[in-house]
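In: sequence plus predicted model, see below.
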Amino acid sequence: MKKYYITLFLMLFWVWPAKVSAITPPALAVPSGLSLAEIKITGSEFLMLYNNTGSTITDLSKHWLYVFNNVNPLAPGVSSSTQQLPAANLGSGQTILLSANGGATCGAAVTGKLNISLTDSGGFLEVVQTSLVGGVLVQTAGDAVSWSSGTNSASGMISNLPSNSSAPNNAYYRYQEGTSYLWQKADQDTSNPCQLNVVISGVSTPGPINPGSPLLPGDPPPVSFVNETEPSGSSANNGLKAPVINELLPNPVEPQTDSEDEFVEIYNPNDVAFDLSGFKLQTGITSLRSYTFPTGTMLPAKSFTTFSSADTNLTLSNSGSQAKLLDPSGNVISQSDSYSSAAEGQSWALANGKWYWTKTVTPSQANVINSPAAAGAGSNSKKTSSAAKSNSSTGQVKGASTSSNPTSSGNETSKLHPLVLAGVGAGAVAYAMYEYRHDLANRLHQLRRYREARATARSATQATNNGGTSLRFGRWQDNLRTWLSARFGK
């Protein structure tokens, strides 16, 4: 009997400690910087960032969230959207919570709405900090996370993301293992949304908890609108992807003018129309100018729409500017990169998440990147005149040109005036004469000497034959006389 007790004791000794350690979830831990701490990708999305810089971040609005609809942001055909963090201070060790549908603040020092959409099948999210260095806007990449509903080859990132229907409360939080920071799968507690639970060996075990009230936000108080239309754009667009600023033309070619033909192009990535009512288009870097879209302004589904300076009164400086799209609450939902200088006839265009100068201007069409460095020196590609406007879309801004065909380029090659060609040709001839002036002088000098020598020889020949019966005109005449004399005699 004694040996059975010994066996049982050994089993408890070896098994019990392993069971205790197995049901202890890892603690939340994040790398240094403004880091991603928690994320919920499916269902009611939220994102929590943690200030682990060791000091106060005095202006969160210098940080942006860039999200891509593919686990590889550099893959062909990937689209992206951005969101600027709110202008607020964030102390060391404090968090900012962004949620799509509101809810508990969970002790976050800063809260806000998550305006970007996280693609369930796979995506990539990155924190980017902006700063001005010598008058140039510099973007510095920070913390990032990628996810996939299948296998994710990126080390330490999220793989096999479950669907919202199979795991509606699924979320993830950050933890440290050695020198690496990984993502732990968890479930949002149904009674306390600030509590994340980890399922280990079939047992739901409490994990990290964010202190804060578990109460849901209260209903807004009643309000009446007098002599003002209630904004409809934001509510009508719930669940849609944010439009994307796609192309700028700061310096159009004559006879087009800056006051009439500069434009900002916006792309609607949704399968339905997007209501721009109350949204703002803003240009400039230090001196800002804004245009508010009137009620009823619609972006057709999957369309490229250009808004010219003639209709918005917005300007794009040739020496440096950028464009932003703001929602009715003032949140920046899309923006172009800033540029330092604009060459005539070139547009600032978005391609695969990056901005390029292109000589092929494509208003209301998909961008064609024709880099000035790779283009021929004599290229005359220009954009179709934006003076030809379309007003076919209901509720469209007057003068806005829209196209829903992403494949056609819509370019025309403008013809040069004959006087311009004549002037260019004359200039080329004049330059060639100047460049080879010494060679031309030498050739003219040789020609004069040759003509003088011929004249001298001709004079001597005439003097010799003055007393004879014939005049010699050249060597071929002498050869003819010799042949006739030999054949027929004198």
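Out: Thanks, I have the structure now.
In: so residue 447, which state does it fall into?
Out: Per DSSP: H, G, I helix; E, B strand; the rest coil, the local secondary structure of residue 447 is helix.
In: which residues of the chain fall in helices?
Out: Assigned by DSSP state H, the chain shows helices spanning 2-22, 233-236, 258-261, 309-312, 418-435, 437-464, 475-488.
In: lowest average confidence across the ones you listed, which one?
Out: With a mean of 48, helix 2-22 has the lowest mean pLDDT of these.
In: how near is the closest residue to residue 181 other than its chain neighbours to residue 307?
Out: In space, and not counting its chain neighbours, residue 181 is closest to residue 31: 5.2 Å by C-beta to C-beta, 6 or more residues apart in numbering. C-beta coordinates here come from the backbone N, C-alpha and C atoms, glycine included. Remark: distance between residue 31 and residue 307 (C-beta to C-beta, to the nearest Å) = 41 Å.
In: repeat for residue 322
Out: Counting by C-beta to C-beta - residue 322 and residue 307 are separated by 15 Å.
In: give me the pLDDT value at residue 229.
Out: In this model, residue 229 is scored at 48, pLDDT.
In: no no, residue 220
Out: For residue 220, the model assigns a pLDDT of 52.
In: and for residue 381?
Out: Looking at residue 381, its pLDDT is 38.
In: just the one 4 residues further on next, same as before
Out: Among the per-residue scores, residue 385 holds a pLDDT of 39.
In: neighbour-wise, which of residue 322 and residue 307 wins?
Out: residue 307 (25 against 21; other C-beta atoms under 10 Å).
In: look up the residues forming beta bridges with the more buried one.
Out: Note on residue 307: beta-bridge partners by DSSP bridges are residue 264.
In: contact partners for it?
Out: 263-266, 281, 291, 314, 397, 399-400 (C-beta atoms under 8 Å, 6 or more residues apart in numbering).
In: how much space separates it from residue 66?
Out: With distances taken as C-beta to C-beta, residue 307 is found 24 Å from residue 66.
In: also residue 189?
Out: Counting by C-beta to C-beta, the gap from residue 189 to residue 66 is 30 Å.
In: now residue 25
Out: According to C-beta to C-beta, residue 25 and residue 66 sit 30 Å apart.
In: also residue 256?
Out: Noted for residue 256: a distance of 33 Å to residue 66, by C-beta to C-beta.
In: now residue 189: how far from residue 297?
Out: When distance is defined by C-beta to C-beta, residue 189 is 43 Å away from residue 297.
In: so where's the stretch 101-250 of the chain uncertain?
Out: Along the stretch 101-250 of the chain, the model assigns pLDDT under 70 to residues 102-104, 201, 209-235.
In: now do 50
Out: Under the criterion of pLDDT under 50, the regions of the stretch 101-250 of the chain flagged as low confidence span 211-219, 228-232.
In: can you give me the strands in it?
Out: Using DSSP state E, counting those that start in this stretch, the strands found in the stretch 101-250 of the chain span residues 110-113, 122-133, 136-148, 170-177, 180-188, 195-200, 203-209, 244-249.
In: nearest spatial neighbour of residue 140, skipping sequence neighbours?
Out: residue 129 (4.7 Å).
In: which pLDDT value belongs to the closest residue to residue 136 other than its chain neighbours?
Out: Closest residue to residue 136 apart from its sequence neighbours, by C-beta to C-beta, 6+ apart: residue 340 at 6.6 Å. Predicted confidence (pLDDT) for residue 340: 89.
In: could you measure from residue 340 over to residue 204?
Out: 55 Å.
In: and the strands of the stretch 101-250 of the chain, which is most packed in?
Out: strand 244-249 (a mean of 25; mean count of other C-beta atoms under 10 Å).
In: and it, which strands flank it?
Out: Paired neighbours of strand 244-249 in the sheet (DSSP bridges): strand 263-267 (antiparallel), strand 347-351 (antiparallel).
In: could you pull out the buried residues of the last one?
Out: For strand 347-351, the buried set under the neighbour-count rule, 16 or more other C-beta atoms under 10 Å, comprises 347-350.
In: ok, now stretch 273-291?
Out: Neighbour counts over stretch 273-291 (16+ other C-beta under 10 Å) mark 273-284, 291 as buried.
In: from the residues you listed, which two are the most distant?
Out: Spatially, the most separated pair among the buried residues of stretch 273-291 is 273 and 284, at 28.6 Å (C-beta to C-beta).
In: quick one, what contacts the closest residue to residue 331 other than its chain neighbours?
Out: Excluding its sequence neighbours, the residue lying closest to residue 331 (C-beta to C-beta, 6+ apart) is residue 115, at 5.9 Å. Counting by C-beta under 8 Å, 6+ apart, residue 115 makes contact with 83, 242, 327, 331, 333.
In: is it correct that the second one is in contact with residue 114?
Out: No. When contacts are counted by C-beta atoms under 8 Å, residue 242 is not listed as touching residue 114 (11.4 Å).
In: related to what we said a few turns ago, and the pLDDT for the residue nearest to residue 181?
Out: 94.
In: now it: how far from residue 154?
Out: If you measure residue 31 against residue 154 using C-beta to C-beta, the figure is 15 Å.
In: if we can go back for a sec, distance to residue 369 added to the contacts of residue 307, as a markdown table?
Out: Shown next, in a markdown table, are those (distance: C-beta to C-beta, whole Å):
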| residue | distance to residue 369 |
| --- | --- |
| 263 | 18 |
| 264 | 18 |
| 265 | 14 |
| 266 | 19 |
| 281 | 23 |
| 291 | 27 |
| 314 | 24 |
| 397 | 27 |
| 399 | 26 |
| 400 | 24 |
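In: so which of the residues you listed is the closest to residue 368?
Out: Closest to residue 368, out of all of those and judged by C-beta to C-beta, is residue 265, at 12.7 Å.
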